[in-house]
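> Turn this into a structure:
(chains A and B)
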Amino acid sequence: MSRRVFEIAGKRLSLSNLDKDLYPSYGFTKAHILEYYRRISKFILPHLKDRPLTLKRYPEGVAKAFFYEKRCPSHSPEWVRTAEINLGDKELMRVCLINDIESLMWVENLASLELHVPLSRAASPETPDSMVFDLDPGDEADILDCGRVALILRDLLSELRLSSYVKTSGKKGLHVYVPLNRNDTTFEDTKKFSKAVAGIMEKHYPDLVTARMAKEYRKAKVFINWSQNDPSKTMICVYSLRALEKPVVSFPLAWKELEKFVGKDDPERLRVMAPEALRVAEKEGDLFRDVLVKKQKLPHL
Amino acid sequence: MAVQGIWSGTISFSLVAIPVQLVKAVEPGRVSFRMLHLKDYSPLRRRMYCPEEEKAVPPDEIIRGYEIGPERYILITDEELESLSPERSRTIEIIEFIDMKEVDPIYYDHPYYLVPSKGGEKAYRLLAEAMHRTNKAGLAKFVLAEREYLVAIRSVEGALALITLHYSDEILPDEDISPKERGIDVEEKTRIKKSIRQMTAGFDPRKYADERRTKIMDILKKKVKEKALVEAPEMEREEEEGPADLVSALQKIMGKVKKSR
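The predicted model follows:
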């Protein structure tokens, strides 16, 4: 096994199997993955900060078996920040917090290609920083349908004086985030609110939208998954790679862009690959920044 | 007794504040029925219907109009109406004390009782007693369900009763009702007086009952025994949509968003 020791931000980190191609049908090695996360780190780190990370590890590459790891691996270096989270029944679990570049490099060395985080921080697990609408296309629907739903959702939310932000899931769907950043909003609030919104969308666009989980309702429709607004759920972090054939990224879009792509019927533009993600982020900055700072209150609750 | 009042707050005048709950004093005895679809006995719902388009109209396409002439209306929005509603209040403020005998029963609208809340029993009893001794009723203004009412508070056998009163402009004029006096002969007058005297009795409401109600209830009881019941088809339970306020705001906004797209 090839192994090289690097010094990152003054911390020694031993990286292994750098030449291993983890996206074999595309050609993207562990070195490429580390390089992607190193360059995207200044954009992704604020979104990972203080959130219990769920690792999704692909040690043999995207085509082979993966496993989730919620518990922080026992062999973690002492400088990786951790938090204790409550599993109920007073049982505690130690989780990793990815608050700096060296920790990010360490989890990527474990081939955790996908980084999943909850909508709340470890210190305040019951307080979501944002409300999310996870738009998931059923069979015979596609990402452009999700785009149409997202745009209606944006207009609806904006009538409620709520700014919203959209990113690709990296797979087939879109995620619409409504920043809250208030310590008095609970998951109960966000769930109630998002469920009512999903219900009203379904009622007014019955051919395009369903608010129901069951597969038979989802055919040719976009499922607005409001139930992600839950302390036990995680979302793929913005700028995280996805473990598909190609190194696709969950990437933020300006609403204007989404309008353009939907208007042009151009689904390919909604699949952002790692090199393009780096180019756009380095040029445009973090389009998801407001999700972390904008304070908004859910009305009519 | 734990009562579930329809309103709770305080009665106040000068420096006295008595915590109370408002409870209904009457329950109208009308027997009500659900309308069912004859075909399968599904319960029916009312919808606003547009005869022009021959279809049901959704709530977000409905606005109020005040009719000022044939097919001429002044529009008024929910917001405008809302801005006129009095502020919700938690007090029944007695403005003055009056003699109840001076209030023509035509002003009586709807009766309630006031029940003392915890800690208010003593002051409540004092007020009820004092009003009983002086034979006075308190006149107050009070907001219930977005409307301001004029109410009279009376003492009835140790309890306080509240009756909402009609405003004077709700009372219809009665000038032309009594016929002009013409010569009535004395004998006739005496005869009527005598009949009235003979038929005079104490008021005993228990002697009377709503006969139609009694008959309907009898039929229903009989039908239950005969098992003449029908069942509505199992309905897909409508999922709870969310907080009513939010749902109605969303409903309204959705109409707007759809129009602008």
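
> What is the burial count for A:S232?
For A:S232, the count of nearby residues is 9 (other CB atoms under 10 Å in any protein chain shown). In this view, the C-beta of every residue, glycine as well, is placed from N, C-alpha and C.

> you'd agree it is in a helix?
No. Applying DSSP: H, G, I helix; E, B strand; the rest coil, one finds A:S232 to be coil, outside a helix.

> The residue nearest to it when sequence neighbours are not counted: what's it in contact with?
Sequence neighbours aside, A:P118 is the residue nearest to A:S232 in space, at 7.9 Å (criterion: CB to CB, 6 or more residues apart in numbering or on different chains). By CB atoms under 8 Å, 6 or more residues apart in numbering or on different chains, the contact set of A:P118 is A:51-52, A:125, A:231-235.

> Let me have those in JSON lines, extended by pLDDT.
Converted to JSON lines, the contacts of A:P118 look like this (pLDDT from 0 to 100):
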{"residue": "A:R51", "pLDDT": "96"}
{"residue": "A:P52", "pLDDT": "95"}
{"residue": "A:P125", "pLDDT": "90"}
{"residue": "A:P231", "pLDDT": "91"}
{"residue": "A:S232", "pLDDT": "88"}
{"residue": "A:K233", "pLDDT": "93"}
{"residue": "A:T234", "pLDDT": "95"}
{"residue": "A:M235", "pLDDT": "97"}
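
> Is my assumption valid that B:D174 occupies a position in a helix?
No. Applying three-state DSSP, one finds B:D174 to be coil, outside a helix.

> Tell me, how many residues neighbour residue 70?
Using chain A. Using other CB under 10 Å, A:K70 has 16 neighbouring residues.

> right idea, wrong chain: chain B
Neighbours of B:P70 (other CB under 10 Å): 5.

> How about the one 3 residues further on?
Around B:Y73 there are 12 other residues, counting by other CB under 10 Å.

> which strands and helices sit next to the helix or strand containing it?
Assigned by DSSP states H and E, B:Y73 belongs to strand B:72-76. Applying 3 or more CB pairs under 8 Å, 6 or more residues apart in numbering or on different chains; DSSP states H and E, one finds that strand B:72-76 contacts strand B:64-69.

> Alpha carbons of the strand it packs on, as CSV, please.
Only the C-alpha atoms of strand B:64-69 are listed here, as CSV (Å, rounded to 0.1, in the frame of the first residue of the first chain):
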residue,chain,number,x,y,z
ARG,B,64,-66.8,40.3,-1.1
GLY,B,65,-69.0,42.8,-2.9
TYR,B,66,-71.6,45.1,-1.3
GLU,B,67,-74.6,45.3,-3.5
ILE,B,68,-75.6,48.9,-4.3
GLY,B,69,-78.0,48.1,-7.1
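
> need the contact list for the residue of the stretch 151-261 of chain B found nearest chain A.
Nearest residue of the stretch 151-261 of chain B to chain A, counting by CB to the nearest CB: B:G242, 3.0 Å away. By CB under 8 Å, 6+ apart, the residues touching B:G242 are A:192-193, A:195-196, A:199.

> quick check, nearest of the residues you listed to A:R182?
Relative to A:R182, the closest of these is A:F193; by CB to CB it sits at 13.1 Å.

> and chain B, which residues reach chain A?
Residues of chain B that fall close to chain A, judged by CB under 8 Å from any CB of the partner chain: B:239, B:241-243, B:245-247, B:249-251, B:253-254, B:256-258, B:260-261.
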